[in-house]
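1. After the sequence you'll find the predicted model.
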Amino acid sequence: MMKRSVVKMTELRIFKLVMILLCTGVTTLGCGTKEGLGNDGDAGAVIIEDGFAKVAAIETNPNNVVVSDVGSASESVVVVTGTGKINLEINGFEVTGNPAYALTAVKGCRVDGCSDKWDSSTADLRNLGAPIVIGIEGTPYSYVEVIVGYDPALDATGGNATLTIFNNADGKTQKQVDFSTLVGEPEIAVYPQEVDFGSVQVEQIGTESILIENSGTANLLITTIDFQGPSVFSIEIDEVEYPIGVLDFSSAPLVIPGLQQKEIYVHFAPINSDPATASVKLISNASNTESGGEEVILKGNNSGPKIVVNPSLVNFGANPVGQLSVLPVQIQSTGTETLVINKIDIAEEGEAGSFSLDFSQVEGFEDGSKPSAEKPLILEINRTAEIQVRFTPSVESAKDENNQLVPEKALITIQNNSFDGAKEVEVTGTGFSGNCPVAVIEIKEGEQVIPQTTLNLFGDQSFSPAGVINKWEWSVDQPDGSQSLFLPSANFPNPTFEANAAGQYIFKLTVWDDNQTPSCVPDEAELVVIPDEAIHVELLWNTPNDSDQTDHGPEAGADLDLHFMHPYAAGPDLDGDGSADGWFDAPYDCFWFNPAPQWASWDLAIDDDPGLDRDDTDGAGPENLNLNIPEAGTTYKVGVHYWADNGFGSSYATVRVYIYGDLVFEIADQKMVNHDMWEVCTIDWPSGTVKQIEDGFKIIPDYVHPAFAQLP
């Protein structure tokens, strides 16, 4: 909005200039006539009448103009009056100096003011060919208003300007008025500093605004916007939408004048229900910010109602025909808003009708009713409800081509107000007739754990209607690359199992009774290993020439090492690129020699330092690194070093990066030979963006750090 500051003329001060000249017969004065001398010199316009000299005089109000509101466009009015005894003639105007100032208009005025209504043809006198005459009796003008505009967008220096008025005044043929700018500094403030889009559905777009304020008095110039995060975010500036990346405005900065604001927009278009985080860093010339710029964190699908169902698979195993089995399913509200469940149904495959739901233990549904749109199940934050799933096989389950019983299946659908709208739980159970033993698996730790959890598996609850169980046989489907074993063996009734790699594990158990009769169907139990840290990095490897990658002992397998480096890391330049590599630096490289460095706060109660939780020296891994509270504005680097092949030759390494439990990056089966250094990727925080280094395949051969002795 144009702001107009007008200097009003409160009085027209008339200076009486009397020059008494003696008539000396000097003809150049035109004694006794009304002939003037002209206006081409300092003498100005003079009329000699009755022995008295009458001259034109000029006065400006004000004589100096100071623009203090440099954040806004404005206009200043300079009032020009004639204070002599004869008419003042103005021949032109000129504004020089600071280009932010320019002549906007010139208006001729009478005693009743400056108005177009009395003389529309002379509303703006800048472009008239003839001089502007200010008459001593108000004919044609009593005074003139000269309007000078100020445009802060053109004020790059804050320098001064001069208005020059060319006229016929005595001794003042070039009257000057000075304009100056109150010089200040740009200061930035950004609101809000965190944008939460709440819960946004797939195929919807959330839009929020960010307000950038220049609270200083000089122009704020934004030269770079470092926009990092997943591609589901975008930013809109002046109706142009930009994707994730570094936006370079150095050649044409975004200009915010002093004491003004600019609004930009950020968009969130999710492709799934996963929480997403991004970072917007504004790099500018502001005097009140560091070189890193002002940062705004964007969050999507981090709030709103959320649902967790435990277990995600209900497995009844084998049940005798006609026998009832009951298993619980817990529904928990884990979001930031109330969870509303308006329908829970179960649908079976086939016509057996063996499965049903019981809500009698849920508060408000003791009467046997079930949740509906008219009577929803409402769970406040962190509240849990438990329903019962019932299985009563009426007939023996069908058999496949191998004469094995095929489990019956059902699907529980829980309709709710969370992001996905519906949650599904698979249910399986096998009906059998006869005297088959029944295998039963129990996992003490539940169905979800963190990496490196030692599981306690129990199979001693298995039974046989015709004898005693005397043989157990365990097996597992585990994540690619994981080589964990049952201890003390796969034939022990209650073994332990170390779940080191993230991913899904499916345990199976077959039992035999003392009649050598096997269970009709093996029991199955599913478990998921999910990292609970902000950053979890996993290294696994396969060495084809090692016939037993699960054995232990000195030099029993290939030794690869995971490295996690802070940007402060220094050291020698072994790759020859002209800068320090950083690998093997202590304390800023976290690896086997430096597994628990101190990087951030010195308060040990704050979990803001990385930790190498597992170092495998004789086999396939995994090696795990975790960081719970990463440092904002930091980019970490991940590497793998082939410390020693121990005679087994090449290995094929796999690196996985998890952010808040989600697998966001994986490179599998990268071939490495003895002493290779593989620079894998970088992790930017807080965006969580993972980027490959040179497409993920930068390998430095024969990388032997001088401070660490290695085998040849």
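-> Happy to help now that I have it.

2. What segments of the stretch 1-150 of the chain are strands?
-> Using DSSP state E, counting those that start in this stretch, the strands of the stretch 1-150 of the chain run over residues 3-5, 19-20, 46-49, 52-55, 58-61, 64-67, 74-82, 88-97, 101-109, 132-134, 143-150.

3. Where among the ones you listed is average confidence lowest?
-> Of all the strands of the stretch 1-150 of the chain, mean pLDDT reaches its minimum on strand 19-20 (a mean of 34).

4. Adding mean neighbour count and distance to P437, write the strands of the stretch 1-150 of the chain out as a markdown table.
-> Bear in mind the C-beta positions are built from the backbone N, C-alpha and C, glycine included. Formatted as a markdown table, the strands of the stretch 1-150 of the chain follow (neighbours: other C-beta atoms under 10 Å; distance: least, C-beta to C-beta, whole Å):
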| stretch | mean neighbour count | distance to P437 |
| --- | --- | --- |
| strand 3-5 | 12 | 90 |
| strand 19-20 | 10 | 133 |
| strand 46-49 | 19 | 131 |
| strand 52-55 | 18 | 128 |
| strand 58-61 | 20 | 110 |
| strand 64-67 | 16 | 94 |
| strand 74-82 | 21 | 93 |
| strand 88-97 | 18 | 100 |
| strand 101-109 | 19 | 97 |
| strand 132-134 | 21 | 115 |
| strand 143-150 | 21 | 93 |
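
5. N515: which of the ones you listed is closest?
-> Ranking these by their distance to N515 (criterion: C-beta to C-beta) puts strand 3-5 first, at 98.9 Å.

6. in what helix or strand does V440 lie?
-> Under the criterion DSSP states H and E, no helix or strand holds V440.

7. My read is that it contacts G317, right?
-> Yes - the pair V440 / G317 is scored as a contact, 6.2 Å apart, by C-beta atoms under 8 Å.

8. what sits in contact with each of the two?
-> Residues touching both V440 and G317 by C-beta atoms under 8 Å, 6 or more residues apart in numbering: D523.

9. thinking again about what came up before, for P522, find the nearest of the strands of the stretch 1-150 of the chain.
-> strand 3-5 (81.9 Å).

10. how near is the closest residue to D669 other than its chain neighbours to D548?
-> Leaving out its chain neighbours, the residue that sits closest to D669 by C-beta to C-beta, 6 or more residues apart in numbering is Y652, at 4.3 Å. Between Y652 and D548 the computed distance is 17 Å (C-beta to C-beta, to the nearest Å).

11. gap between the host helix or strand of the residue nearest to D669 and the chain center?
-> In the assignment (DSSP H and E), Y652 maps to strand 651-659. Counting by C-alpha atoms, centre = their mean, to the nearest Å, strand 651-659 is centred 25 Å from the centre of its parent chain.

12. Direction included, what does that strand pair up with?
-> strand 535-542 (antiparallel), strand 662-672 (antiparallel) (DSSP bridges).

13. Alpha carbons only: can I get it in PDB?
-> Backbone C-alpha positions of strand 651-659 (Å, rounded to 0.1, in the frame of the first residue of the first chain) are rendered in PDB as follows:
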ATOM      1  CA  SER A 651      32.300 -60.000   0.000                       C
ATOM      2  CA  TYR A 652      29.000 -58.500  -1.100                       C
ATOM      3  CA  ALA A 653      27.800 -55.800   1.300                       C
ATOM      4  CA  THR A 654      24.300 -54.500   1.900                       C
ATOM      5  CA  VAL A 655      23.500 -51.200   3.700                       C
ATOM      6  CA  ARG A 656      20.100 -50.200   4.900                       C
ATOM      7  CA  VAL A 657      19.100 -46.900   6.500                       C
ATOM      8  CA  TYR A 658      16.000 -46.600   8.700                       C
ATOM      9  CA  ILE A 659      14.500 -43.200   9.700                       C
END
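
14. what's the burial count for Q260?
-> 19 (other C-beta atoms under 10 Å).

15. Test for you: state the pLDDT assigned to it.
-> Per-residue confidence (pLDDT) for Q260: 89.

16. I figured it hits A153, correct?
-> No - Q260 is not in contact with A153 according to C-beta under 8 Å; the separation is 9.9 Å.

17. so the helix or strand harbouring W678 versus strand 662-672, what angle?
-> Using DSSP H and E, W678 falls within strand 677-685. Between strand 677-685 and strand 662-672, the angle comes out at 170 degrees (axes from the mean of the first three to the mean of the last three C-alpha atoms, to 10 degrees).

18. sorry, back to before: more neighbours: Y652 and D548, which one.
-> Of the pair Y652 and D548, Y652 is the one with more neighbours under other C-beta under 10 Å, namely 16 against 10.

19. highest average neighbour count across the strands paired with strand 651-659?
-> Highest mean neighbour count of those: strand 535-542, a mean of 26 (counted as mean count of other C-beta atoms under 10 Å).

20. from the chain's centre, how far out does that strand sit?
-> The answer for strand 535-542 is 26 Å, by C-alpha atoms, centre = their mean.

21. Beyond it, next helix or strand please.
-> Next along the chain from strand 535-542, counting by DSSP H and E, comes strand 559-565.

22. Please name every helix or strand in contact with that next one.
-> strand 535-542, strand 589-590, strand 623-627, strand 634-644, strand 651-659 (3 or more C-beta pairs under 8 Å, 6 or more residues apart in numbering; DSSP states H and E).

23. Let me know which of these is the nearest to I134.
-> Nearest to I134 among the helices and strands packed on strand 559-565 is strand 634-644 (69.1 Å), distances taken as C-beta to C-beta.

24. Can you give the strand pairings for the closest one, parallel or anti for each?
-> Strand 634-644 sits in its sheet next to strand 559-565 (antiparallel), strand 677-685 (antiparallel), going by DSSP bridges.

25. Of those, flag the one that's most buried.
-> Most buried among those, counting by mean count of other C-beta under 10 Å: strand 559-565, with a mean of 25.

26. quick one: contacts of that strand?
-> Strand 559-565 is contacted from outside by 537, 539, 541, 582-585, 588-592, 610, 612, 615-618, 621, 623-625, 627, 636-646, 651, 653, 655, 672, using C-beta under 8 Å, 6+ apart.

27. Bridge partners for V655, pull those for me.
-> V655 has the following beta-bridge partners by DSSP bridges: L539, I667.

28. wait, V79
-> N61, E145.

29. So it sits against V65, correct?
-> No - look at V79 against V65 with C-beta under 8 Å: they stay out of range, at 11.7 Å.

30. Outline the domain layout of this protein.
-> The record's domain parsing of the chain by automatic domain parsing lists 3-181, 188-300, 314-432, 434-530, 535-700.

31. ok, back up a step: residues contacting the strand holding Y652, please?
-> 480-481, 502, 531, 534-544, 558, 560, 562, 638, 640, 642, 645, 663-672, 678, 680-681, 683, 688, 690.
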